[in-house]
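Trainee: Predicted model and sequence below, questions to follow.
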2 protein chains.
Amino acid sequence: MPGRELDPQERLDWLRLARTETIGPVSFYALLRRFGSAQAALEALPRLARRGDDAQPVAPAPRQEAERELAAVDRLGGQLLCRGEPIYPETLAAIEDAPPVLSVIGDPALLARPIVAVVGARNASANGRRLARDLAAGLGEAGIVVASGMARGIDAAAHAGALAAGSVAVVAGGIDIVYPEENRGLYNALTEQGAVVAEMPLGTEPQARHFPRRNRIISGIALGVVVVEAAAKSGSLITARYALEQGHEVFAVPGSPLDPRCRGANDLLRNGATLTETADDVVNQLGPLLQGQPPPRPAASHLKRSPRMPLERAAPVAAAPAPVGEDGALALVLEKLSPTPVAVDELVRQCQLSASAVATLLLELELAGRVERHPGNLVSLR
Amino acid sequence: MPGRELDPQERLDWLRLARTETIGPVSFYALLRRFGSAQAALEALPRLARRGDDAQPVAPAPRQEAERELAAVDRLGGQLLCRGEPIYPETLAAIEDAPPVLSVIGDPALLARPIVAVVGARNASANGRRLARDLAAGLGEAGIVVASGMARGIDAAAHAGALAAGSVAVVAGGIDIVYPEENRGLYNALTEQGAVVAEMPLGTEPQARHFPRRNRIISGIALGVVVVEAAAKSGSLITARYALEQGHEVFAVPGSPLDPRCRGANDLLRNGATLTETADDVVNQLGPLLQGQPPPRPAASHLKRSPRMPLERAAPVAAAPAPVGEDGALALVLEKLSPTPVAVDELVRQCQLSASAVATLLLELELAGRVERHPGNLVSLR
């Protein structure tokens, strides 16, 4: 991780590596550690990934394409932030699969301030919207920037309430794509007064699979996630689960058991989320974190564990560079993999290999396009 | 405590002692311990209470009056239960200031079954009433008897929902007094299908001061109290506080922060009450208690302590009989007392006397009409 601003050449290399097909964040950092720099990783790529059966050499994203993206972001008045750069959000940088490169349009300085996410149902009730708006405004008055997903309902209300004091939308597609179209006015306001952030390249139309990955960024940049009106199996609960996995706080606004839109938030409360009626509840709970103290890493477990919410915090992936495993080991790992995602930890246990050996083998398989990464340090066969 | 059914003479003596002016439950049991029986205490009363300055001998309640009450209860088809008798509710008998004598009309066998209280706002919303009714019905299906206070709103809805399976009203006045009048139909149904219970003598019109004392019985007979729609400073919260002090469970139904009627229940949740949407939430939490295990005594503190709800569990009053203290000790205790209720523990500490000495002195002062007992083992000067 740089810990400083990258020079233009490094930034370009980071972008190329990040945009290379089959290289997700976890592989990105594994390559960076193994080869020392994005440039060296790009050079090594064609030599790698020869070990999968039907392996094709991985082609790094073309330089010209990355240059075009950089120029286009620039023309929009946006910028790219690489993980570890001073303005890259610290809480996000701390998560295992933080996006190597974020594009931002609007005021990137908002990302360096304390952030709380307010998320919830798209089909929110009028009361839910009002609560979200008031909560967001209250957080703004307390000097907190509000992040959300620019969706209809709770998200839009939260952005609206926080706009004056600081609001950040994390979108599932590119920062230049307005989705849903009805939020174009909000998008324009955010690019002028707030910020819009994306992991995906410019021009990406958001697809279903982008949303959960986007949600990990919403929870990742925030000290805590407030859930307002979320049904039993909603995207907001995925965001809350990520927050828990990332060691961030989870807040929920209670609601009537008769309203199915409150089921998810009430379930979070049942499992120990902080009951939230006003911004004060959030501010009181975050207390020390707002005084500029570093965020607590695995500390968010004031949550009671319950069989109804079997959340397990993922262990960080083995980080040390390791020699490439033998073919026997590769076969062993392949044998244990299936299209159903499995925890890397579990693989390590089942294969009886070192964590670093499994990490290296998975990297090769991912580069060969045979393995897919999932949030929570899970992998599956493609 | 008898632990068996009292014979008619003992029952009459218990009733006379319980109905004697200035003798509250704590003094009742202190006298019983000191003199061995209600009869002996009644005989000793005139000799006692000579030590307060303006002391008048305490006159035991007349035998004829007690006989009249017994006969009247009998004519109503009711009966008297003395603490410790087999049918007297076990969880209630375990509290320090359990009523020595309860009158019951209806089916007293309901009191021997597992009971959960459902209480809440009189000005409840339609949704709140529906929730209370459904919850009570669900508890009934699980074999649990529902207790409440026969008030308008949540109480009435809870009784209605539980009537078929078992419902008990604990009233603030006498069991023959219908209050409020609009609940006469409910009262009639309860006396036929359920039970109505009171600490106060027949014919007592309920007064404001009776309600908090009644609330301690509602929480006392119940393994847990479910609060549905309670405003910030409502009687239901007093019932919940008693439950906590008595080591019983507290449950609360969440509601919108925009509805002031949900403020109290949400506050309880914030402080660790079990979030309750359906009867299952109650049944799951009570689990082992419903299997016929004895109620846990000081165990209910799964509740987080919070500065916003500074509930302290009262220590039990010293129980051993003790010689009457010296005059110096009496003066010391009097000096520490004021019209503001103070904890007996605190008195013991401040006076540097033994707990049993202070208990004896307080008993004398109470018999002399100079000291008043309050729930939570508090005393004040009259």
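Mentor: Alright, I've got the coordinates.
Trainee: got the residue ranges for the strands in the stretch 251-382 of chain A?
Mentor: Under the criterion DSSP state E, counting those that start in this stretch, strands of the stretch 251-382 of chain A are mapped to A:274-275, A:342-343, A:371-374, A:378-381.
Trainee: do the first one and chain B meet at all?
Mentor: Spelled out, that is strand A:274-275. Yes - against chain B, strand A:274-275 shows contacts by CB under 8 Å from any CB of the partner chain at A:T274, A:L275. C-beta coordinates here come from the backbone N, C-alpha and C atoms, glycine included.
Trainee: Near chain B, which residues of chain A? Just list them.
Mentor: Checking chain A against chain B by CB under 8 Å from any CB, the hits are A:127, A:130-131, A:253-258, A:262-263, A:266, A:269-270, A:274-278, A:281.
Trainee: Who is A:C82 paired with across the strands?
Mentor: With DSSP bridges applied, A:C82 shows beta-bridge pairing to A:V101.
Trainee: Would you state the helices of the stretch 1-150 of chain A in chain order?
Mentor: Using DSSP state H, counting those that start in this stretch, the helices of the stretch 1-150 of chain A run over A:8-19, A:25-35, A:38-44, A:63-75, A:90-93, A:126-141.
Trainee: Figure out which of those helices is closest to A:S338.
Mentor: Within the helices of the stretch 1-150 of chain A, the stretch nearest A:S338 is helix A:25-35; the backing value is 18.9 Å (CB to CB).
Trainee: Any stretches of chain A with poor pLDDT?
Mentor: A:1-2, A:49-56, A:292-327 (pLDDT under 70).
Trainee: Just give me the residue closest to the centre of it.
Mentor: Closest residue to the average C-alpha location of chain A: A:I217 at 2.6 Å, with CA atoms, centre = their mean.
Trainee: The host helix or strand of that residue packs against which elements?
Mentor: For A:I217, the host element (DSSP states H and E) is helix A:210-221. Judged by 3 or more CB pairs under 8 Å, 6 or more residues apart in numbering or on different chains; DSSP states H and E, the packing partners of helix A:210-221 are helix A:90-93, strand A:115-120, strand A:145-148, strand A:167-171, strand A:195-198, helix A:235-245.
Trainee: From A:L334, how far out is the residue of chain A positioned farthest from its centre?
Mentor: Taking CA atoms, centre = their mean, the residue of chain A most remote from its mean C-alpha position is A:G328, at 34.4 Å. The gap separating A:G328 from A:L334 is 11 Å, by CB to CB, to the nearest Å.
Trainee: A:G120 too?
Mentor: Per CB to CB, A:G120 is found 41 Å from A:L334.
Trainee: more neighbours, those two?
Mentor: In terms of neighbours (other CB atoms under 10 Å in any protein chain shown), A:G120 is the more surrounded of A:G120 and A:L334; the figures are 33 against 16.
Trainee: what sits against the closest residue to the more buried one other than its chain neighbours?
Mentor: Nearest non-adjacent residue to A:G120, counting by CB to CB, 6 or more residues apart in numbering or on different chains: A:I154, 2.9 Å away. Applying CB atoms under 8 Å, 6 or more residues apart in numbering or on different chains to A:I154 gives the contacts A:118-122, A:124, A:128-129, A:132, A:148, A:228-229, A:236.
Trainee: returning to what we had before: can you select the buried ones from the residues of chain A next to chain B in PyMOL?
Mentor: A single PyMOL command selects the buried members of the residues of chain A next to chain B (16 or more other CB atoms under 10 Å in any protein chain shown):
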select buried, chain A and resi 127+130+131+253+254+255+256+257+262+263+266+269+270+274+275+276+277+281
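Trainee: Tell me which of the residues of chain A next to chain B fall in helices.
Mentor: A:N127, A:R130, A:L131, A:R263, A:N266, A:L269, A:R270, A:D281 (DSSP state H).
Trainee: Farthest-apart pair in the residues you listed, please.
Mentor: The most widely separated members of those, counting by CB to CB, are A:R130 and A:R270 (24.2 Å).
Trainee: now stretch A:3-18: how far from the chain's centre is it?
Mentor: Averaging C-alpha positions (CA atoms, centre = their mean, to the nearest Å) puts stretch A:3-18 20 Å from its chain's average.
Trainee: now stretch A:216-224
Mentor: Chain-centre distance of stretch A:216-224: 7 Å, with CA atoms, centre = their mean.
Trainee: and what of stretch A:142-160?
Mentor: Centre-to-centre, stretch A:142-160 and its host chain are 17 Å apart (CA atoms, centre = their mean).
Trainee: buried set for that stretch?
Mentor: Neighbour-count burial for stretch A:142-160, counted by 16+ other CB under 10 Å, picks out A:142, A:144-160.
Trainee: Ends of that stretch, what's the gap?
Mentor: The first and final residues of stretch A:142-160 sit 16 Å from each other (CA to CA, to the nearest Å).
Trainee: The nearest residue to A:A72 once chain neighbours are set aside: what's it in contact with?
Mentor: Excluding its sequence neighbours, the residue lying closest to A:A72 (CB to CB, 6+ apart) is A:L202, at 5.3 Å. Taking CB under 8 Å, 6+ apart, we find A:L202 in contact with A:E69, A:A72, A:V73, A:L76, A:S103, A:G174, A:I175, A:D176.
Trainee: Reformat the residues you listed as a markdown table; add neighbour count and distance to A:D345.
Mentor: Shown next, in a markdown table, are those (neighbours: other CB atoms under 10 Å in any protein chain shown; distance: CB to CB, whole Å):
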| residue | neighbour count | distance to A:D345 |
| --- | --- | --- |
| A:E69 | 22 | 35 |
| A:A72 | 16 | 40 |
| A:V73 | 21 | 37 |
| A:L76 | 16 | 41 |
| A:S103 | 26 | 32 |
| A:G174 | 23 | 34 |
| A:I175 | 28 | 34 |
| A:D176 | 21 | 38 |
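Trainee: wait, which of those residues is closest to chain B?
Mentor: For chain B, the nearest member of these is A:I175. The distance, counting by CB to the nearest CB, is 33.6 Å.
Trainee: Doesn't that closest one belong to a helix?
Mentor: No - judged by DSSP: H, G, I helix; E, B strand; the rest coil, A:I175 forms no part of a helix; its state is coil.
Trainee: how far away is the residue nearest to A:L15 when sequence neighbours are not counted from A:G24?
Mentor: Spatial nearest neighbour of A:L15, excluding adjacent residues (CB to CB, 6+ apart): A:A66 at 4.5 Å. Taking CB to CB as the measure, A:A66 falls 17 Å from A:G24.
Trainee: ok, these two, which is more surrounded?
Mentor: Each of A:A66 and A:G24 has its neighbours counted (other CB under 10 Å); A:A66 has more, 24 against 20.
Trainee: hang on, isn't that one packed against A:L17?
Mentor: No - counting by CB atoms under 8 Å, A:A66 does not reach A:L17; the two are 9.2 Å apart.
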